[in-house]
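Undergrad: Attaching a predicted model along with its sequence, questions to come.
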Amino acid sequence: MENKIRKQRCGVLVKKGKIEIHERELPELGPYDVLIKHEACNICTTDYTQYLGYREHQGYPMAGGHEDSGYIIEVGAKVKDFQPGDHVALGCPSCGICEACKSGNEGFCVDNDMTIHMTEDGYHGTFGFSDYVVMPARRCVKLSKDLPAGEAGFLEPLATVTKGIKMMNVQPGDTVVVIGAGTMGMLNAITLRAKACRVLITEIMPNKIENAKKEGLEVIDCNTCDPAEEVKRLTDGRGADAVFICVGSTLANKQAVEMLKKYYGKILFFAASFPEPKLEISSNLIHYRHMCLMGTTGADLHDFLDAAKLLNSGAVKVTNLLEKSFYDLDHMEDAFKEAATPGKYRVTVRMD
């Protein structure tokens, strides 16, 4: 089927601190593809840290953005599950035929790392910051038309959260500490609460402390106490069943170990950071206390579907995690400067 829309405007990071708006030919719409009109794309930490120069390994020119949402305006001849007008957000890039995809681990698809793969005209990325985009239908996940575009953009980060929670196998009634009340810490905390866990969240920045309190979470202010001691106090000396580390910090890694209950405690390393934080722990301690240390990144298709259910049902509400919107791609660099300001939640680039 021939595209009715032929051109694409897209925001491109061409080097550290420099964003340009490029125009290029849209790819042909294949039989299993859809054409999407983007409404919004949120700026992820991965996006703005490359803008700041901390992720030079991701390559340039980077046509990034992966927290995008919009609606379908055209479908390929063999697309059966979608139709024009469907509101969607995008899951992870996947080929559908490699061993990882066939085993349900699409997050590890050989085609998933778009910082390595390039388009024929030389771009990295999946064009989240663009007015129109052609994508395989298998990447699309339907979302409610009542869900605001910026909130729909939380499908991808929420999918990574649901994956981590499933890996950790936390149970209703478990006490879980989330270290860090930034966007991903808060998203973990409110999702864990939706799973009927008791959630304690630690933070040092005043605005994030206030936001966590506004969400009704039990907040530990690290400016006024030793967070590990406070966790012990709030659990009658027992400690936490699990700790989710949602900041990349050597100190946070140390605190997580100190917060755990004596036996069978679990730690999830949710966040990465550059330069890399350190982890110093005796293997004997892990051995004798039956500790479980896990890491997670990305998400698989079933995680995206679970995240869609949470967003569509309202079980997880992300309204308080949206900071500010910038309208039109021409203001994308201003949006990145805002997103890179310490203490901010998600900043949105609107294309509608």
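TA: Cool, the structure landed.
Undergrad: neighbours of the closest residue in space to K324 that isn't next to it in sequence, just the number please.
TA: Nearest-residue entry for K324: V347, 5.4 Å, with adjacent residues in sequence omitted and distances by Cβ to Cβ, 6 or more residues apart in numbering. Any C-beta I mention is one placed from the backbone N, CA and C, and that applies to glycine too. Neighbour count for V347, taken as other Cβ atoms under 10 Å: 25.
Undergrad: same question, H287
TA: H287 has 9 neighbouring residues, counting by other Cβ under 10 Å.
Undergrad: Please report how far the spatially most distant residue from the centre of the chain lies from K261.
TA: Seen from the C-alpha centroid of the chain, the residue lying at the greatest distance (Cα atoms, centre = their mean) is Y288, 34.3 Å away. Here Y288 is placed at a distance of 14 Å from K261 (Cβ to Cβ, to the nearest Å).
Undergrad: And for T175?
TA: Look at T175 and K261: by Cβ to Cβ, they are 8 Å apart.
Undergrad: Isn't G128 up against D68?
TA: Yes - distance between G128 and D68: 3.9 Å, which falls inside the contact criterion (Cβ atoms under 8 Å).
Undergrad: Need the overlap of contacts for the two.
TA: 38, 41, 90 (Cβ atoms under 8 Å, 6 or more residues apart in numbering).
Undergrad: The protein: helices as residue ranges?
TA: Read by DSSP state H, the chain holds these helices, from start to end of the chain: 45-51, 99-102, 149-152, 155-168, 183-194, 206-214, 227-234, 250-259, 283-288, 301-313, 332-339.
Undergrad: Just the angle for the fifth one relative to helix 155-168, thanks.
TA: Between helix 183-194 and helix 155-168, the angle formed by their directions is 60 degrees, by axes from the mean of the first three to the mean of the last three Cα atoms, to 10 degrees.
Undergrad: what sits up against helix 183-194?
TA: Helix 183-194 is touched from outside by 45, 154, 157-158, 160-162, 164-165, 170, 176, 178-179, 181, 199, 201, 203, 208, 211-212, 215, 217, 244, 246-247, 270-271, 310, 315-318, 320-321, 345-346, with contacts defined as Cβ under 8 Å, 6+ apart.
Undergrad: Centre of the chain to that helix, how far?
TA: 12 Å (Cα atoms, centre = their mean, to the nearest Å).
Undergrad: One more: the third one?
TA: When distances are taken as Cα atoms, centre = their mean, helix 149-152 is centred 13 Å away from the chain's centroid.
Undergrad: Next: the second one.
TA: From the chain centre to the centre of helix 99-102 is a distance of 22 Å (Cα atoms, centre = their mean).
Undergrad: Does T297 touch P157 like I think?
TA: No - under the contact definition of Cβ under 8 Å, T297 does not touch P157, with a separation of 11.7 Å.
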